[in-house]
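In: here's my sequence, what's the structure:
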Amino acid sequence: MNLAVVSLGGKSSLEIVEEAKEYFNDAKNLDIRKMQVNASSKKLSVLYDGKEIEDYGCIYIRGSYRYAFLQRSMTEALSSKVYMPLKPRSFTLAHNKFLTLLEMQKNKVPIPTTYLTATLDGAKKVLEEVNYPIIMKIPEGTQGKGVLFAYSSTSARSIIDTFDVLRQPYIIKEYVETDATDIRAIVAGYKVIASMRRKGSKNDIRANIHAGGKGEKLELSGEIENMAVKAAKSVAADVCAVDLLEGTKTMVIEVNLSPGLQGIQRATGKNIAKIIAEFLFKKA
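Out: Numbers count the residues shown, from 1 in each chain. Predicted structure coming up:
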């Protein structure tokens, strides 16, 4: 039985591939940029580098939100034939911050109060109603990019004028006081396999490791672990990272389908790539 990790070839993806060779007969990384989906009345097929994809026991699709439609299309075509830890709707939902929150709300996972509006005028009306400070985001993005902080209506209006140039909807979210910290939990199946608290760098509200944040090992309570697992299941993901905020009440803010592993491996001392590889093998 073989494994394919479909990704952009990042370090975390390649680590999973290497660790998987201990369990699978073979494991390889396939460049997502070389993938192609063909659909006709008679056949739905997936090609890699111009040739029909080989048979695999497990295909784990990772990579940027920019490939969400391709990721979903590949999974639609292959999920009935092979074990895939992410389902077709996972990519549509988890790659969009507001759709993720809608799924959380529907499944009764605690989330911050959040507003979505499509127009500049609509955003300005929201700014008249909210309590400051607030977080402002665009729907798609990773590693803390596209996340801005406004202490007042004046600064918020300046930000939305900038967002208007991008021609994207506006996400406006209540700020949860956390001293620039959050929790990242890696979920595999029905349990959290690693977790850390992330602290933002000086003068930065973002706790993302890629944005200069630092991680430290954290043991989650049963309640928070259940919340993380429930969040993962809400977007139909067997393997993912769940980000949470601890305030007066713990809330889920995001699900990441292609999390980096270096920061959390350093913080926890765990070989998370190996744990994920073993999980994929057992499920396949």
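In: let me know the average pLDDT across the host helix or strand of residue 102.
Out: Residue 102 belongs to helix 97-106 when elements are defined using DSSP states H and E. Throughout helix 97-106, pLDDT has a mean value of 94.
In: need the strands for the stretch 51-200 of the chain, in chain order.
Out: In the stretch 51-200 of the chain, the strands defined using DSSP state E, counting those that start in this stretch lie at 51-52, 58-61, 114-117, 134-137, 147-150, 170-174, 181-188, 191-199.
In: with respect to residue 228, which of the ones you listed lies nearest?
Out: Residue 228 sits nearest to strand 181-188 of all the strands of the stretch 51-200 of the chain, at 4.1 Å, using C-beta to C-beta. The C-beta positions use only the backbone N, C-alpha and C, and glycine is treated the same way.
In: what is that closest one packed up against?
Out: strand 191-199, helix 222-234, strand 239-245, helix 272-283 (3 or more C-beta pairs under 8 Å, 6 or more residues apart in numbering; DSSP states H and E).
In: make JSON lines from these and add mean neighbour count and distance to residue 50 to it.
Out: JSON lines is the format used below for the helices and strands packed on strand 181-188 (neighbours: other C-beta atoms under 10 Å; distance: least, C-beta to C-beta, whole Å):
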{"stretch": "strand 191-199", "mean neighbour count": "20", "distance to residue 50": "37"}
{"stretch": "helix 222-234", "mean neighbour count": "19", "distance to residue 50": "35"}
{"stretch": "strand 239-245", "mean neighbour count": "24", "distance to residue 50": "29"}
{"stretch": "helix 272-283", "mean neighbour count": "20", "distance to residue 50": "27"}
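In: now render the ones you listed as JSON lines, adding mean pLDDT.
Out: Shown next, in JSON lines, are these (pLDDT from 0 to 100):
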{"stretch": "strand 191-199", "mean pLDDT": "95"}
{"stretch": "helix 222-234", "mean pLDDT": "97"}
{"stretch": "strand 239-245", "mean pLDDT": "96"}
{"stretch": "helix 272-283", "mean pLDDT": "98"}
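In: any idea which of those gets closest to residue 52?
Out: helix 272-283 (22.5 Å).
In: ok, residues contacting that closest one?
Out: For helix 272-283, the external contacting residues (C-beta atoms under 8 Å, 6 or more residues apart in numbering) are 1, 3, 12, 15-16, 18-20, 22-24, 27, 58, 60, 83, 85, 186, 188-189, 193-194, 238-239, 261, 264-265.
In: by how many degrees do that helix and strand 181-188 diverge?
Out: 30 degrees (axes from the mean of the first three to the mean of the last three C-alpha atoms, to 10 degrees).
In: so where's the stretch 101-250 of the chain uncertain?
Out: Applying pLDDT under 70 to the stretch 101-250 of the chain flags residues 140-146, 178-180, 200-213.
In: middle-most residue in the protein, spatially?
Out: Nearest to the mean C-alpha position of the chain, by C-alpha atoms, centre = their mean, lies residue 256 at 1.1 Å.
In: which strand residues bridge the closest residue to that residue other than its chain neighbours?
Out: Nearest non-adjacent residue to residue 256, counting by C-beta to C-beta, 6 or more residues apart in numbering: residue 241, 4.2 Å away. Per DSSP bridges, the residues bridged to residue 241 are residue 186, residue 256.
In: what about residue 241, distance to residue 137?
Out: Distance of residue 241 to residue 137, computed by C-beta to C-beta, to the nearest Å: 17 Å.
In: ok, now residue 50?
Out: Distance, residue 50 to residue 137, by C-beta to C-beta: 38 Å.
In: which of these two has more residues huddled nearby?
Out: Using other C-beta atoms under 10 Å as the criterion, residue 50 and residue 137 rank with residue 137 on top: 24 against 7.
In: what's the burial count for the closest residue in space to the more buried one that isn't next to it in sequence?
Out: With sequence-adjacent residues excluded and distances taken as C-beta to C-beta, 6+ apart, residue 137 is closest to residue 171, at 4.3 Å. Residue 171 has 22 neighbours, counted by other C-beta under 10 Å.
In: equivalent analysis for residue 106, please.
Out: 9.
In: you'd agree it is up against residue 234?
Out: Yes. Look at residue 106 against residue 234 with C-beta atoms under 8 Å: they come within range, at 7.4 Å.
In: give me the three-state assignment for residue 270.
Out: Assigned state for residue 270: coil (three-state reduction, DSSP: H, G, I helix; E, B strand; the rest coil).
In: ok, it - contacts?
Out: 193, 194, 264.
In: possible to save those residues as CSV with distance to residue 164?
Out: As requested, the contacts of residue 270 are exported to CSV (distance: C-beta to C-beta, whole Å):
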residue, distance to residue 164
193, 41
194, 40
264, 36
